[in-house]
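1. coordinates only, sequence not included:
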């Protein structure tokens, strides 16, 4: 099972380490044997990595509002 890496765990990493992790988790998405839970954890980790790297947040789908 692939675990999600949290923002707290990513805070102490360098930009290079974040980039390498992003590349690694992106490549994991191509694995044909992933189950839904593993795929969901990989996507959550990629989102956390992008936030930690300072990427702009993904656009919110229409009709969906974020609660503070």
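-> Okay, I see it. Just so we're clear, the structure is a prediction, and the values are computed from it rather than from any experiment.

2. Residue 55: neighbour count?
-> Neighbours of residue 55 under the rule other C-beta atoms under 10 Å: 12. Heads up, the C-betas are built off the backbone N, CA and C, glycines and all.

3. Renumber starting at 455 from here on
-> Shifting the count to begin at 455 puts that one at residue 509.

4. Ignoring the adjacent residues along the chain, who's closest to the most centrally placed residue in the chain?
-> The residue lying closest to the centre of the chain (C-alpha atoms, centre = their mean) is residue 500, at 1.5 Å. In space, and not counting its chain neighbours, residue 500 is closest to residue 479: 5.3 Å by C-beta to C-beta, 6 or more residues apart in numbering.

5. could you pull out the helices for the protein?
-> 461-464, 469-482, 490-506 (DSSP state H).

6. Now tell me what touches the second one from outside.
-> To tie it back to what came earlier, the one meant is helix 469-482. With contact meaning C-beta atoms under 8 Å, 6 or more residues apart in numbering, helix 469-482 is reached by 456, 459, 464, 467, 488, 496, 499-500, 503-504, 506-507.

7. Distance of the nearest residue to residue 464 once chain neighbours are set aside relative to residue 483?
-> Nearest in space to residue 464, with sequence neighbours left out and distances taken as C-beta to C-beta, 6+ apart, is residue 506 at 4.2 Å. According to C-beta to C-beta, to the nearest Å, residue 506 and residue 483 sit 18 Å apart.

8. In terms of packing, which of these two has more residues around it?
-> Comparing residue 506 with residue 483 by other C-beta under 10 Å, the one with more neighbours is residue 506, at 20 against 12.

9. Near residue 490, how many other residues are there?
-> Neighbourhood size, residue 490 [other C-beta under 10 Å]: 7.

10. how close does it sit to residue 504?
-> According to C-beta to C-beta, residue 490 stands 21 Å off from residue 504.

11. Any chance of the contacts of helix 469-482 in CSV with distance to residue 473 as columns?
-> What follows is the contacts of helix 469-482, written out as CSV (distance: C-beta to C-beta, whole Å):
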residue, distance to residue 473
456, 19
459, 14
464, 12
467, 10
488, 22
496, 16
499, 14
500, 12
503, 9
504, 11
506, 10
507, 7
